[in-house]
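> What follows is a predicted protein model with its sequence.
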Amino acid sequence: MENVTVIDHPLIQHKLTLMRDQNTSSYDFRQLLREISMLLAYEVTRDFPISYEEIETPLTTMPAPKLDGKKVVLVSILRAGNGILDGMLDLIPAAKVGHIGLYRDPKTLVAVEYYLKLPPHIEDRDMIVVDPMLATGNSAVAAVHRLRETQPKSIKFVCLLAAPEGISAFQNEHPDIPVFTAAIDEKLNDHGYILPGLGDAGDRIYGTR
Ligand code: URA
């Protein structure tokens with residue numbers, strides 16, 4: 001699959017196994033997602049440009065590397081995206097944050113935006129869109145369509161788990177946008193859940209079921 005990176009570091013795989021276990025508590029689930037998200041952020045920002053700035057150490061001066069350009073914007077697809085957002089912010093505390101909320105109209109099945117809040121100067125920022133589960137791909141596809149309209153410098157999509165169906169749907173609509181995931185599972189079930197998966201990510205993060 002072109003433009004899809006599976007970040008299969010042993011630490012990530014181990015933590016993901018703990019998350020899949022139905023006996024893992026919401027507290028541990030959140031904590032594990034936070035830890036994995038830090039590692040995902042580390043990988044997904046690997047190609048960020050740096051520039052050099054003259055600094056003084058206690059001993060001498062040196063041209064020291066710093067992240068170049070305007071701060072990255074992390075965009076969470078509500079609500080489960082917030083679980084990834086927290087970990088990414090631990091690693092990139094200066095990042096700007098946006099949120100997008102969509103629901104599916106039960107009659108038309110079209111994704112309807114109910115919330116969008118982004119920081120200013122999007123056109124000068126790299127954007128990382130996060131949602132733990134790329135299942136049918138419907139919400140990710142719709143969210144990215146909307147976010148593209150704001151014309152960020154670049155967009156990457158990061159999830160925890162992807163289904164092959166979700167990756168195909170996403171790539172059909174957004175072939176130019178790189179997808180990063182910790183694992184690609186087998187398939188979707190009849191209700192659009194990822195198998196073997198980990199259940200409903202939002203419910204497991206927030207203990208709503
Ligand atoms: N959303 C989830 O939270 N879990 C799935 O398996 C699919 C979509």
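Thanks, I have it. Residues are numbered from 1 along each chain as shown.
> What parts of the protein come near the ligand?
Residues of the chain that fall close to the ligand, judged by Cβ under 6 Å from any ligand atom: Ala80, Met133, Ala135, Gly192, Tyr193, Ile194, Gly197, Asp200, Ala201, Gly202. Every C-beta, even on glycine, is put in place using the N, C-alpha and C of the backbone.
> quick one, what contacts the nearest residue to the fifth one once chain neighbours are set aside?
Spelled out, it's Tyr193. In space, not counting the residues next to it along the chain, Tyr193 is nearest to Ala135; the distance is 6.7 Å by Cβ to Cβ, 6 or more residues apart in numbering. The neighbours of Ala135, taking Cβ atoms under 8 Å, 6 or more residues apart in numbering as the test, are Ala163, Glu165, Gly166, Leu188, Gly192, Tyr193, Ile194.
> ok, 7 Å please
The neighbourhood of Ala135, defined by Cβ atoms under 7 Å, 6 or more residues apart in numbering, consists of Ala163, Gly166, Leu188, Gly192, Tyr193, Ile194.
> Rebuild these as JSON lines, extending it with pLDDT, neighbour count and secondary structure.
Below are the contacts of Ala135 laid out as JSON lines (pLDDT from 0 to 100; neighbours: other Cβ atoms under 10 Å; DSSP: H, G, I helix; E, B strand; the rest coil):
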{"residue": "Ala163", "pLDDT": "98", "neighbour count": "26", "secondary structure": "coil"}
{"residue": "Gly166", "pLDDT": "97", "neighbour count": "27", "secondary structure": "helix"}
{"residue": "Leu188", "pLDDT": "96", "neighbour count": "18", "secondary structure": "strand"}
{"residue": "Gly192", "pLDDT": "92", "neighbour count": "14", "secondary structure": "coil"}
{"residue": "Tyr193", "pLDDT": "95", "neighbour count": "17", "secondary structure": "coil"}
{"residue": "Ile194", "pLDDT": "97", "neighbour count": "27", "secondary structure": "strand"}
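> Just the ones in strands from the residues of the chain next to the ligand, please.
With strands identified by DSSP state E, the entries of the residues of the chain next to the ligand that belong to them are Met133, Ile194.
> now, which of the residues of the chain next to the ligand sits nearest Met88?
Closest approach between the residues of the chain next to the ligand and Met88, by Cβ to Cβ: Ala80, at 13.7 Å.
> Next, count neighbours for the closest one.
24 (other Cβ atoms under 10 Å).
> do the same with Glu54
Neighbour count of Glu54, defined by other Cβ under 10 Å: 8.
> now swap in the one 4 residues further on and tell me
Number of residues near Pro58 (other Cβ under 10 Å) recorded here: 4.
> and it, what pLDDT?
Pro58 is assigned a pLDDT of 98 by the prediction.
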